[in-house]
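[1] predicted structure and sequence below. I'll ask about it afterward.
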Amino acid sequence: MGTYDEAYRRSIERPEEFWGEAARAIDWDVPPATIYGEGRWFPDGRLNTCHNALDRHVARGRGGQAALIHDSPVTGTVRTYTYAELLDEVARTAGMLRGLGVAAGDTVVIYMPMVPEAVVAMLACARLGAVHSVVFGGFAARELALRIDHARPKVVLSASCGIEPARVVAYKPLLDDALEQAAHRPDRCVILQRPQCAAELRAGRDLDWAAAVREAEPAACVSVAATDPLYILYTSGTTGTPKGVLRDNGGHAVALHWSMSHVYGAAPGEVYWAASDVGWVVGHSYIVYAPLLAGCTTVLYEGKPVGTPDPGAFWRVVATHGVRTLFTAPTAIRAIKKEDPAGDHMRKWDLSGLRHLFLAGERLDPDTYHWASDLLGVPVIDHWWQTETGWPIAANCVGIEPLPIKPGSPTRPVPGWDAHVLDGEGRDCPPGVEGAVTVRLPLPPGALPTLYRDEARFARSYLDRYPGHYLTGDGGHLDEDGYLYVMGRIDDVINVAGHRLSTGSMEEVIASHPDVAECAVIGVADALKGQLPMGFVVLKAGAERDPEEVERELAALVRERVGPVAAFRRAVVVSRLPKTRSGKILRATMRDIADGRAYHAPSTIEDPAALPEIERAVKGT
Ligand code: COA
Ligand code: AMP
């Protein structure tokens, strides 16, 4: 396998040779003659991602192996699909979509809970060359409507309900509401009826999933260009309008397949579990595509780390299904640690098969690292990436050469990612000095080629700040050994329980409250969820309101318009917001205050007394 240093150097110095070799592990209808050209990977190759995830494994004898295990403590069921069964289900669902007029290049919105049909739907789109856009179930109708209007789906696939431990969340009324709010009209909605809640179907528009699939003929794979889109995944930017991250077929298949063995050290036939949600990039990459591309068994877990029924839930799944690699977010481990500090629940299960725990989604604090690593006795691997990159930028690549772990660091850049830490002038920062984390272009295969229908925003958000580099939006530093430390966002994106959210979208909602003159939302540190949003509002002159009542109203408004996942509960009324004399809100200074960092009132500040008021409010949390 060679050393990490060798692999890394080769990937940066001879990327075409490096990725050309990796591409041989994928089945191509037309193998790429050009590895990189005109800014795209494998521009003349043709393939089908679903074929690579399913058909080829069945053709090569894996038909009887488990492909997908749906473990659902919230419904009390476990169901396993072999590769042959999953292929059959996907082919018939693709046939159903084709029958509804969905063809290569059409978009399909998928708004579904953690059920096998969500995975089937994604793969069925890939089979036809259609472009899926999965929307996370914890978002409100308005957020779904925004995405529907931008993606303009021909068909929406949804379910009657999702199941949260404390309640059944009826999805269909949310979908109906979103379609009322959206200007775009899909031709059809196909609804999976779950036994926990029946959805009312609208004649002429809505179809029953089971009946529609039953009547469909299986569809074959459609060959697409490597550069054709596989999916759009909307993610939070700094404004209220989400960014449609685009993923191609060829680069994605090559990079994800490569990452399974080299980053995660996972072999075909092994059980790999990413405890995330299909609505996030971790779910796209490491519940659905990568494990199936690699011939592993993937686990789809419909439950929580705690409360379904206890903090031993993850360990039960690991032990019962023989999970070799577990991937989750630090917040999930913190939730388990809080309820089971001594690891009593953990010890009830035989975890001898577990080889690695990978964590991502937010900074892994050293306390959580030590707790998990001491109790589990396996390497706990922090790795850093984003929706945009699709797979890890920095990790300890255990499949190449495990490097010594330094708690607090996701280790070194993964082969393919030429990561830098730059100062304000675009110079590399010396070790230990904080700057903006960037990646020198070209980005490796699998990273976003652009934003869907918004090339200008792509350039503005990622490329313009440091020409020749991709701006990650994270700040951090390198150490003397080249280890990267990612300290947090340098923009207005926050991370709540591993969920990426935009403070801008919450501000838009808060500003619509009739008594609010202006507002700012920032993320404040939270021991469990990493960050929680907190609003600072200035009321309109003459609005004599009880601040607690305002807080309750704003919390309800954000929940209704952004969704429960925002976990917005704290809003304080302040007399003024800290601003420059030209009227710009000093968000960076507010973030410093929230994170407990030393802050300086900039010379341009309009009224320095505004800052202590913010500090008092933050400390009051
Ligand atoms: N559909 C509908 N509602 C959802 C939802 C979904 N798919 N997912 C979450 N929600 C709701 C929850 O019910 C909760 O509502 P409530 O305010 O009525 O309680 C709210 O959104 C917040 O949910 P969540 O962030 O899950 O918080 P929690 O307090 O229920 O659980 C953790 C806390 C830490 C256990 C949980 O956040 C967790 O498991 N995090 C791991 C995150 C993760 O895997 N991220 C992916 C990146 S790797
Ligand atoms: P998302 O696009 O939802 O995957 O969120 C990406 C963001 O989460 C990154 O830009 C980081 O701010 C944060 N993040 C993800 N993984 C890590 C990590 N291992 N360490 C620090 N921050 C992380």
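    Received it, and whenever you're ready, just let me know what you need. Numbering: from 1, shown residues only. Ligands and ions are numbered 1, 2, ... in the order given.

[2] how is the chain partitioned into domains?
    Per automatic domain parsing, the structural domains of the chain span 4-303+383-476, 497-620.

[3] is the shortest one anywhere near ligand 1?
    Yes - with C-beta under 6 Å from any ligand atom as the threshold, domain 497-620 lies in contact with ligand 1, specifically through 497, 498, 499, 564, 565, 567. From N, CA and C alone the C-beta is placed, and that goes for glycine too.

[4] list the ones among the residues you listed that fall in strands.
    Residues of these located in strands (DSSP state E): residue 499.

[5] what's the most distant pair in the residues of domain 497-620 next to ligand 1?
    Maximum pairwise distance in the residues of domain 497-620 next to ligand 1, criterion C-beta to C-beta, is 14.9 Å, between 498 and 564.

[6] out of the two, which sits in the busier spot?
    Between residue 498 and residue 564, residue 498 has the larger neighbour count (other C-beta atoms under 10 Å), namely 20 against 16.

[7] contact partners for that one?
    By C-beta atoms under 8 Å, 6 or more residues apart in numbering, the residues touching residue 498 are 276, 280, 329, 330, 331, 332, 361, 362, 530.

[8] those residues in helices, which ones?
    Counting by DSSP state H, the part of those found in helices is 330, 331, 332.

[9] can I get those residues in CSV with neighbour count?
    CSV is the format used below for these (neighbours: other C-beta atoms under 10 Å):
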residue, neighbour count
330, 24
331, 23
332, 22
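
[10] what residues does the protein have near ligand 2?
    Applying C-beta under 6 Å from any ligand atom, we find that the chain lies next to ligand 2 at 235, 280-281, 360-364, 382-387, 410, 472-474, 486, 489, 495, 500.

[11] among the residues you listed, the buried ones, what's the ChimeraX command?
    Per 16 or more other C-beta atoms under 10 Å, the buried members of those correspond to this ChimeraX selection:
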select :235,280,281,360,361,362,363,364,382,383,384,385,386,387,410,472,473,474,486,489,495,500
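
[12] which of the domains of the chain is buried the deepest?
    Highest mean neighbour count of those: domain 4-303+383-476, a mean of 21 (counted as mean count of other C-beta atoms under 10 Å).

[13] between the two ends of that one, how far is it?
    End-to-end distance for domain 4-303+383-476: 22 Å, by C-alpha to C-alpha, to the nearest Å.

[14] change the start of the numbering to 748 and stick with it
    That works, and once the first residue is 748, the last one we named lands at domain 751-1050+1130-1223.

[15] residue 1035 should be in a helix, yeah?
    Yes - the assignment for residue 1035 is a helix, going by DSSP: H, G, I helix; E, B strand; the rest coil.

[16] show me what stretch 971-980 is in contact with.
    With C-beta under 8 Å, 6+ apart, stretch 971-980 has contacts from 779, 787-796, 851-852, 854, 869, 872-873, 876, 878-881, 898, 991-999, 1028, 1031, 1134, 1196, 1199.

[17] hmm, back to that, and the ones in helices among the contacts of residue 1245 near ligand 1, which?
    Contacts with ligand 1 are made by 1078, 1079 out of the ones in helices among the contacts of residue 1245, judged by C-beta under 6 Å from any ligand atom.

[18] wait, which of the ones in helices among the contacts of residue 1245 is closest to residue 1213?
    Distance to residue 1213, by C-beta to C-beta, is smallest for residue 1077 among the ones in helices among the contacts of residue 1245, at 28.6 Å.

[19] so that closest one versus residue 1140, what's the distance?
    17 Å (C-beta to C-beta, to the nearest Å).
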